[in-house]
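Colleague: Need a 3D model of the following:
(2 chains)
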Number of protein chains: 2
Amino acid sequence: MKKLINDPKNVVTEAVSGFGAAHADLVTVSLDPIFIVRRDAPVSGKVGIVSGGGSGHEPMHGGFVGPGMLDAAVPGAVFTSPTPDPILAATKAVDGGAGVLHIVKNYTGDVLNFETAADLAAAEDIEVRAVIINDDVAVKDSLYTAGRRGVAGTVLVEKIAGAAAERGDDLAGVAEIAERVNAQVRTMGVALTPCVVPHAGEPSFTLADDEIEIGIGIHGEPGRERIKLEPADAIVDRLLGAVVEDVPFVSGDKVLLLVNGMGGTPQIELYIVYRRAAEVLAEKGIEVTRSLVGNFTTSLEMQGVSVSVLKLDDELTALWDAPVHTAALRWGR
Amino acid sequence: MKKLINDPKNVVTEAVSGFGAAHADLVTVSLDPIFIVRRDAPVSGKVGIVSGGGSGHEPMHGGFVGPGMLDAAVPGAVFTSPTPDPILAATKAVDGGAGVLHIVKNYTGDVLNFETAADLAAAEDIEVRAVIINDDVAVKDSLYTAGRRGVAGTVLVEKIAGAAAERGDDLAGVAEIAERVNAQVRTMGVALTPCVVPHAGEPSFTLADDEIEIGIGIHGEPGRERIKLEPADAIVDRLLGAVVEDVPFVSGDKVLLLVNGMGGTPQIELYIVYRRAAEVLAEKGIEVTRSLVGNFTTSLEMQGVSVSVLKLDDELTALWDAPVHTAALRWGR
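Modeller: Presented below is the predicted three-dimensional model:
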């Protein structure tokens, strides 16, 4: 295992510590228990938004903490759900009196631990609602999931719900917006290479030199099928075909197109993927009105990509465009 | 070779085409010859800034085209200098009557081809000045370079010179600012893994499973030495030791600290590197007043990192903070 780390046991603590030092203008970090909150938390009268999950998907979620997006992020160990304690601590730290929304990717451990934390918060008179994200069309059930997995579409939910909270929506309103985004976004990914979890020291799966996995999960969980390597355009056609037919997206729809790198993919390849994805959508009469290309929901150093499509309406577009100031997404200020 | 590409011959054309589609609000792309200009080019009365070089270092330079930074970027084939033709075309496209600055990384091919383009532009009555970037402290001469190589410090030159042009400095003034940044920034990198140039199909060098290369160039050129893998903190101490003693940076200095991923490095590792780098600088009494962490000057999917330190003064800090709106760096608007 070749990594820029010290003791594998300290990977998350040291990374969060470095993140806090690099972005001290934006966030405050707690190292025991580990969570990241926006520097001015709690914001009085605003719905607080907390997300979290296993580490190894950076910038998700810590990179999305700041005005206009998340109030707190709770990173677990690499590819491991955070326990209820830090989730509760983060929830309390961001409660400005208007309640707290938990945005939770659909993995069994995450769902359970966020539920427990919500119960504990309720016992302290903090109103909590949870939205479960399950945008991955690849498989119905998976290694760590009953139902569909939550993947890169989570970023879009967090941005748009964050903007709704910032404009003053109440807890039910912010939750409704988050549910609406989740209902209208679909994602599928592909892996060219596996990744190595630091405390495991070995690749979490293997792929032959000429093999790729269509529908990969963000922890390397099995997807739909292993196939021989194909040209990028053919791979994009597979991913986008599954995504488009699922909602379904239809001619006349306006959409946001997210091309998300898995961590180890050169940016030049992400734009080759974007080019074909935009072309396919145009052929179907689906208009891409907003775009996002980069590494947002990663799997450590995995090479691969996911493609997400979100159906927009005027309100969601305005919330997407609203100012955001986080380490990983920033505009309008 | 496992890559998300179609025909290796079309990698740059397809990626630039995708980039233009994804960022049509910001840039216009030309595919024959290949260059990227900000959408509102030329800006009348403003000094135009053009950079470029081999592809494979994305987001450098196309990702830095937009208000407050570059007016144009000229990507060559992967790891290959652009020819004079597209450089000339880009120079003409951004000439708003106040002259054009070429920001050129110190590689023999880049320097020659930008010089030729400048001569051709002069023949068409466009005043051009060039600033050669050579921030890499690793080696004196290298595979493609006489003198020091230009690496990630280039991003800082482009941001700060871009802000100087935006505030209305004349060509001599913008060039002076760019020279000042180049004189005050130093960088050194490390590679854990090599990368594969698409048209070559094989890794450009090899490293044993337990070996890393200290002082690596951004095309995989040899650095100072190959050593056994060490903990991240020890590697950072090597990189930063070489950087700090070079200017030298001294107690009381205020600096910008850039931790730059080589393309395939998980973000969690970049923050582990940042943590130690900030710690070492603090121990030396050097104050980090600005930070940048992410993939800015990459080598395709290479795993590794570079650390850059730029000595700031009030003017450079203000120019760094000035609004910028590009695909890869954006704030203040």
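
Colleague: just checking, what packs against the helix or strand encompassing residue A:88?
Modeller: Element membership for residue A:88 (DSSP states H and E) is helix A:84-94. Applying 3 or more Cβ pairs under 8 Å, 6 or more residues apart in numbering or on different chains; DSSP states H and E, we find helix A:84-94 packed against strand A:27-31, strand A:34-38, strand A:48-55, strand A:72-78, strand A:100-105, helix A:108-123. C-betas here are computed from N, CA, C, even on glycine.

Colleague: cutoff 6 Å now
Modeller: Here helix A:84-94 touches strand A:34-38, strand A:48-55, strand A:72-78, helix A:108-123, going by 3 or more Cβ pairs under 6 Å, 6 or more residues apart in numbering or on different chains; DSSP states H and E.

Colleague: can you redo these as a markdown table with distance to chain B?
Modeller: Listed next are those as a markdown table, based on distance: least, Cβ to the nearest Cβ, whole Å:
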| stretch | distance to chain B |
| --- | --- |
| strand A:34-38 | 11 |
| strand A:48-55 | 6 |
| strand A:72-78 | 8 |
| helix A:108-123 | 18 |
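
Colleague: what residues are up against residue A:197?
Modeller: Residues near residue A:197 by Cβ atoms under 6 Å, 6 or more residues apart in numbering or on different chains: A:78, A:79.

Colleague: quick one: pLDDT of it?
Modeller: Here, the pLDDT recorded for residue A:197 equals 96.

Colleague: And the one 3 residues further on, by the same measure?
Modeller: The predicted local distance difference test score for residue A:200 is 94.

Colleague: what secondary structure does the closest residue to chain B within the stretch 151-300 of chain A sit in?
Modeller: Here the stretch 151-300 of chain A gets closest to chain B at one residue, residue A:275, 3.2 Å apart by Cβ to the nearest Cβ. Look at residue A:275: counting by DSSP: H, G, I helix; E, B strand; the rest coil, its state is helix.

Colleague: is it true that it touches residue B:17?
Modeller: Yes. Using Cβ atoms under 6 Å, residue A:275 makes contact with residue B:17 at a distance of 5.2 Å.

Colleague: neighbour-wise, which of the two wins?
Modeller: Neighbour totals were compared for residue A:275 and residue B:17, and residue A:275 leads with 25 against 21 (other Cβ atoms under 10 Å in any protein chain shown).

Colleague: How about the residues of chain A by chain B?
Modeller: A:2, A:4-6, A:14-15, A:17-19, A:21-22, A:58-59, A:192, A:229, A:231-233, A:263-264, A:266-269, A:271-275, A:278, A:291, A:293, A:300-301, A:330-331 (Cβ under 6 Å from any Cβ of the partner chain).

Colleague: Generate a PyMOL selection restricted to the buried subset of those.
Modeller: Command for PyMOL that selects the buried part of the residues of chain A next to chain B, burial taken from 16 or more other Cβ atoms under 10 Å in any protein chain shown:
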select buried, chain A and resi 2+4+5+6+14+15+17+18+19+21+22+58+59+192+229+232+233+263+264+266+267+268+269+271+272+273+274+275+278+291+293+300+301+330+331
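
Colleague: Now, the residues of chain A next to chain B that are in strands?
Modeller: Counting by DSSP state E, the residues of chain A next to chain B place A:291, A:293, A:330, A:331 in strands.

Colleague: Any chance of TSV for those residues, columns pLDDT?
Modeller: TSV is the format used below for those (pLDDT from 0 to 100):
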residue	pLDDT
A:291	98
A:293	98
A:330	97
A:331	97
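
Colleague: got CSV for the residues you listed, with distance to residue B:310 too?
Modeller: What follows is these, written out as CSV (distance: Cβ to Cβ, whole Å):
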residue, distance to residue B:310
A:291, 31
A:293, 28
A:330, 21
A:331, 25
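
Colleague: what residues are up against residue A:27?
Modeller: Residues near residue A:27 by Cβ under 6 Å, 6+ apart: A:36, A:38, A:39, A:65.

Colleague: Ok, residue A:63 next?
Modeller: The contact partners of residue A:63, by Cβ under 6 Å, 6+ apart, come to A:327, A:328.

Colleague: Phi and psi next, for it.
Modeller: Torsion angles at residue A:63 (phi, psi; degrees, to the nearest 10) stand at phi -70, psi -10.

Colleague: how close does it sit to residue A:151?
Modeller: Applying Cβ to Cβ, to the nearest Å, the value for residue A:63 to residue A:151 is 16 Å.

Colleague: list the contacts for the residue of the stretch 151-300 of chain A closest to chain B?
Modeller: With Cβ under 6 Å, 6+ apart, residue A:275 has these contacts: B:14, B:17, B:18.

Colleague: With adjacent residues omitted, what lies nearest to it?
Modeller: residue B:18 (3.2 Å; Cβ to Cβ, 6 or more residues apart in numbering or on different chains).

Colleague: so that neighbour makes contact with residue A:274?
Modeller: Yes. The pair residue B:18 and residue A:274 passes the contact test of Cβ under 6 Å, sitting 4.2 Å apart.

Colleague: sorry, back to before: now do the helix holding residue A:88, average pLDDT.
Modeller: Per-residue scores along helix A:84-94 average to 98.

Colleague: relative orientation of it and strand A:100-105 in degrees?
Modeller: Calculated by axes from the mean of the first three to the mean of the last three Cα atoms, to 10 degrees, helix A:84-94 forms an angle of 140 degrees with strand A:100-105.

Colleague: Output helix A:84-94 as PDB, nothing but the C-alphas.
Modeller: The C-alpha trace of helix A:84-94 is given here as PDB (Å, rounded to 0.1, in the frame of the first residue of the first chain):
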ATOM      1  CA  PRO A  84     -24.400   8.200  17.000                       C
ATOM      2  CA  ASP A  85     -22.200  10.200  19.400                       C
ATOM      3  CA  PRO A  86     -20.500  12.600  16.900                       C
ATOM      4  CA  ILE A  87     -23.800  12.900  15.000                       C
ATOM      5  CA  LEU A  88     -25.600  14.000  18.100                       C
ATOM      6  CA  ALA A  89     -22.800  16.400  19.000                       C
ATOM      7  CA  ALA A  90     -22.900  17.900  15.500                       C
ATOM      8  CA  THR A  91     -26.700  18.100  15.600                       C
ATOM      9  CA  LYS A  92     -26.600  20.000  18.900                       C
ATOM     10  CA  ALA A  93     -23.800  22.300  17.600                       C
ATOM     11  CA  VAL A  94     -25.900  23.500  14.700                       C
END
